[in-house]
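Participant: Give me a 3D structure for the following:
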Amino acid sequence: QVQLVESGGGLVQPGGSLRLSCAASGNIFRIYAMNWYRQAPGKQRELVAGVTVSGAANYLDSVKGRFTISRDNAKNTAYLQMNSLEPEDTAIYYCHAVIRLQGGLQSSNYWGQGTQVTVSS
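Facilitator: Modelled structure (predicted):
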């Protein structure tokens, strides 16, 4: 009923930039929090950045000042602008959203399929 589709990953050199997008579609009544997680090989998935409906954002300490999360509520889309990328940022990046469906009484968690970000020279 709901799909989250990520795009924008790829290979970039250290110091470069990428912009990830996450578009939600389906029988959506309201999207609450939208978040970006990442998981590197052999590591646990971690929350990179999150944004509320009103636009309030929070960040993982290691990405503060380099990454910016935003959302376009009219398009049901979240973005993650990643600047000054470092090899340690290499991971699969997942979009996560808390969504209430049309006719639903509760919200649920939804995940995208992930997009690979590789930072390497």
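Participant: what pairs with the closest residue to N76 other than its chain neighbours across the strands?
Facilitator: Closest residue to N76 apart from its sequence neighbours, by Cβ to Cβ, 6 or more residues apart in numbering: A24 at 4.2 Å. Glycine gets a C-beta too; all of them are placed from N, C-alpha and C. When assigned by DSSP bridges, A24 has beta-bridge partners L4.
Participant: if I look at A24, how far off is V12?
Facilitator: Going from A24 to V12 by Cβ to Cβ, to the nearest Å gives 25 Å.
Participant: neighbour-wise, which of the two wins?
Facilitator: The neighbour comparison of A24 against V12 (other Cβ atoms under 10 Å) goes to A24, with 21 against 18.
Participant: so what's that one up against?
Facilitator: V2, Q3, L4, I31, N76, T77, A97, I99, Y110 (Cβ atoms under 8 Å, 6 or more residues apart in numbering).
Participant: try S21
Facilitator: E6, S7, G8, T77, A78, Y79 are the contacts of S21 under Cβ under 8 Å, 6+ apart.
Participant: that older thread, from the contacts of A24, list the buried ones, please.
Facilitator: Neighbour counting with 16 or more other Cβ atoms under 10 Å marks L4, I31, N76, T77, A97, I99, Y110 as buried within the contacts of A24.
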